[in-house]
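1. how would this look folded up:
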Amino acid sequence: MHAERLILPRRVSLAAGVLFLITYVTSIAAYALFQPVLDDPAGYIAGAGQDGRIHLGVLLELLLIAANIGTAVVLYPVLKRQSEALSLGFVTARIVESVFIAAGILCVLAIVSLGHDDPGAGSLAVSLAAIKDGTFLLGPGVVVGIGNGLILGWLLLRSGLVPRRMALLGVVGGPVLLASGIAVLFGVVEAGGIVQSLATVPEFLWELSLGVYLTVQGLARPSAGRGAAAPADPRPATA
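-> The predicted structure follows:
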């Protein structure tokens, strides 16, 4: 049992780190692949289209959904030692974010279908693209700030499982991202403008650094005073 307790946290952190990095690769690549549909949806359905490119983006976003939920499920057994309620909140936030992503996928596929069935329905394609933008705002732009930023950052800050300064990026970056998303929602700042772009930087750095740290370094051993389930072992955590 003792050997399993030493090995399991490393497996958990490695799996979580790889999943976080997968979310980066898939989300960025999918966003780039979707540009012909999102930039000019009416022109896309009126022209020949690049359906293969869009379908690849859809596949990547499906992988993104799986990786998103995977990060929460893998970390839940560790995080619940700090707060089961907040840990469930993190899992729930990841699921809600993934629902918004899935809704965006449906909008993109609908635009592609219009290109085959009704190339003259430009206004409908524009409306679907606007809904896709809305799902991106509410999911990665708002829910991520609550779940991946504030909740996860706070849990890791309390537990001492990652360096304190790194966890503070989440605690600070999450609310900043949330505030910028709400500001865009109410038209205070421009969607995709410089203010919103700058507001995403702390959260971007938080998630990227967390993925790299968990993959390379692994979770630290929580001290007995921070809710550890067992006394710290004197041997290295990677033993």
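
2. could you point out where the protein is predicted with low confidence?
-> Regions of the chain meeting the criterion pLDDT under 70 cover residues 1-8, 48, 221-239.

3. for burial, what's the neighbour tally of residue 117?
-> Neighbour count for residue 117, taken as other CB atoms under 10 Å: 10. C-beta here means a position set from N, CA and C on the backbone, and glycine is covered the same way.

4. mind checking how far it is from residue 46?
-> According to CB to CB, to the nearest Å, residue 117 stands 13 Å off from residue 46.

5. cool, and residue 114?
-> For residue 114, the distance to residue 46 - CB to CB - is 10 Å.

6. grab the longest helix from the chain for me.
-> helix 84-117 (DSSP state H).

7. who are the packing partners of the next helix or strand after it?
-> Heading C-terminal from helix 84-117, the first helix or strand you meet, by DSSP states H and E, is helix 122-138. Judged by 3 or more CB pairs under 8 Å, 6 or more residues apart in numbering; DSSP states H and E, the packing partners of helix 122-138 are helix 35-39, helix 41-46, helix 84-117, helix 164-185.

8. tell me the angle of helix 122-138 relative to helix 164-185?
-> Counting by axes from the mean of the first three to the mean of the last three CA atoms, to 10 degrees, helix 122-138 lies at 150 degrees to helix 164-185.

9. gap between helix 122-138 and the chain center?
-> How far helix 122-138 lies from its chain's middle: 20 Å, per CA atoms, centre = their mean, to the nearest Å.

10. now do stretch 139-150
-> Counting by CA atoms, centre = their mean, stretch 139-150 comes out at 8 Å from the chain centroid.

11. and that stretch, how far apart are its ends?
-> End-to-end distance for stretch 139-150, by CA to CA, to the nearest Å: 15 Å.

12. give me the contacts around that stretch.
-> 27, 72, 89-90, 92-94, 96-101, 104, 170-171, 173-182, 184-185, 196, 203, 206-207 (CB atoms under 8 Å, 6 or more residues apart in numbering).
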